[in-house]
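In: Sequence below, structure please.
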Amino acid sequence: MFSKLGNLRCANKICYNSTVFLSCNSSLNQVAKPLLRPKPQKIYKIGPFGWFLLVVPASAFGLGTWQVQRKNWKESLLADLKARTGSEVVDLITNLDKLEDLEYKPVRVKGHFLHEKEMYMGPRSLLVTGDASNKSSLFTGKTNTSHGFLVVTPFQLSDTNEIILVNRGWVPAKNRDPKTREKGQVKEEVNLIGIVRLQENRPTFSLKNQEGSNIFFYRDINDMSKIAGTSKIFLDATDDYIIADGPLGGQTRISLRNEHMSYILTWYSLAAFTGFMWYAKFLK
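Out: Predicted coordinates for the structure are as follows:
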């Protein structure tokens, strides 16, 4: 039973209402609630320029990820170099086809130097434990070690008479002339341990080696062997090879420039910042 106007008794209760219909059923004691309309969803309109700007954070994130991969690769390469240079010393094999397997590994040789065919690589900084250093040494005293040369000397093997190339080590520029270090020009037979090195490609910003010159800007074993009349075997003498007034051995660089962490932080920070700015501009 329903009532629109007036005073009616519904289940012992008086219902006062002049505008709405109420149910008089005693089992229903509810108040009518207005219908709630769903809030319309916001439609984002991103134009071509907005999508173009999204390239900035996306590219920065991609570059950051690439730097992570580069960092892992370089750390793996450095670990391999250290493992090779620290491996067990073996006898030198003169088979050039198998020499590549010995790259960066130590080998032992016995023979004597042919100083009259001495050559140089440089200018170079002194390496200490495989890294560049400006520290003084017993050889250099207070000399600036950022400028010098590597002395490359033909070495005749005692067992086969084959002649190879040996990087004896570093000397300051003022001592490049062998007359300034005559005591270090040993003539007797010597035993030494050397690190096997292979042909070096010309670095991007390096000058070209001058044809016929005994000064080289990079390790061009092919040209060096032609000039000195040797085989294409090249060793870096280790720092165990010490001769008074002689070059400082141990000039094999086993450190690699690794600044990838700073690049990672830079690119990821840029990606986060520009990504937030894009969100605030077009989506917020």
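In: In the longest helix anywhere in the chain, which residues are buried?
Out: Secondary structure of the chain per DSSP state H: the longest helix is helix 55-85. Neighbour counts over helix 55-85 (16 or more other C-beta atoms under 10 Å) mark 56, 57, 60, 61, 63, 64, 67, 68, 71, 81, 84, 85 as buried. (C-beta placed from N, C-alpha, C; glycine too.)
In: From the contact counts, what lies against it?
Out: Judged by 3 or more C-beta pairs under 8 Å, 6 or more residues apart in numbering; DSSP states H and E, helix 55-85 is in contact with helix 260-282.
In: got the angle between the helix it packs on and helix 55-85?
Out: 170 degrees (axes from the mean of the first three to the mean of the last three C-alpha atoms, to 10 degrees).
In: Test my guess that residue 187 contacts residue 116.
Out: No - shown here, residue 187 and residue 116 do not form a contact pair, counting by C-beta atoms under 8 Å, at 11.0 Å.
In: Return every residue with contacts to both of the two.
Out: Residues touching both residue 187 and residue 116 (C-beta atoms under 8 Å, 6 or more residues apart in numbering): there are none.
In: can you map out the strands along the chain?
Out: 7-10, 13-16, 90-91, 106-113, 119-124, 127-128, 131-132, 148-157, 163-172, 190-197, 215-216, 234-237 (DSSP state E).
In: Dump those strands to a markdown table, plus distance to residue 77.
Out: Shown next, in a markdown table, are the strands of the chain (distance: least, C-beta to C-beta, whole Å):
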| stretch | distance to residue 77 |
| --- | --- |
| strand 7-10 | 90 |
| strand 13-16 | 89 |
| strand 90-91 | 22 |
| strand 106-113 | 19 |
| strand 119-124 | 22 |
| strand 127-128 | 18 |
| strand 131-132 | 15 |
| strand 148-157 | 23 |
| strand 163-172 | 22 |
| strand 190-197 | 16 |
| strand 215-216 | 25 |
| strand 234-237 | 18 |
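In: In JSON lines: those, plus mean pLDDT and distance to residue 205.
Out: As requested, the strands of the chain are arranged in JSON lines below (pLDDT from 0 to 100; distance: least, C-beta to C-beta, whole Å):
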{"stretch": "strand 7-10", "mean pLDDT": "46", "distance to residue 205": "99"}
{"stretch": "strand 13-16", "mean pLDDT": "45", "distance to residue 205": "97"}
{"stretch": "strand 90-91", "mean pLDDT": "92", "distance to residue 205": "36"}
{"stretch": "strand 106-113", "mean pLDDT": "96", "distance to residue 205": "31"}
{"stretch": "strand 119-124", "mean pLDDT": "94", "distance to residue 205": "14"}
{"stretch": "strand 127-128", "mean pLDDT": "86", "distance to residue 205": "20"}
{"stretch": "strand 131-132", "mean pLDDT": "58", "distance to residue 205": "17"}
{"stretch": "strand 148-157", "mean pLDDT": "97", "distance to residue 205": "19"}
{"stretch": "strand 163-172", "mean pLDDT": "97", "distance to residue 205": "21"}
{"stretch": "strand 190-197", "mean pLDDT": "95", "distance to residue 205": "21"}
{"stretch": "strand 215-216", "mean pLDDT": "95", "distance to residue 205": "16"}
{"stretch": "strand 234-237", "mean pLDDT": "97", "distance to residue 205": "23"}
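In: Nearest to residue 247 among those strands would be which one?
Out: The closest of those to residue 247 is strand 163-172. By C-beta to C-beta, the value is 3.3 Å.
In: tilt between the closest one and strand 148-157?
Out: Per the same axes, to 10 degrees, the angle that strand 163-172 makes with strand 148-157 is 150 degrees.
In: Run through the neighbouring helices and strands of strand 163-172.
Out: Packing partners of strand 163-172 (3+ C-beta pairs under 8 Å, 6+ apart): strand 106-113, strand 148-157, strand 190-197, helix 221-228, strand 234-237.
In: how far does that strand sit from the chain's center?
Out: In this view, strand 163-172 has its centroid 28 Å away from the chain centroid, taken as C-alpha atoms, centre = their mean, to the nearest Å.
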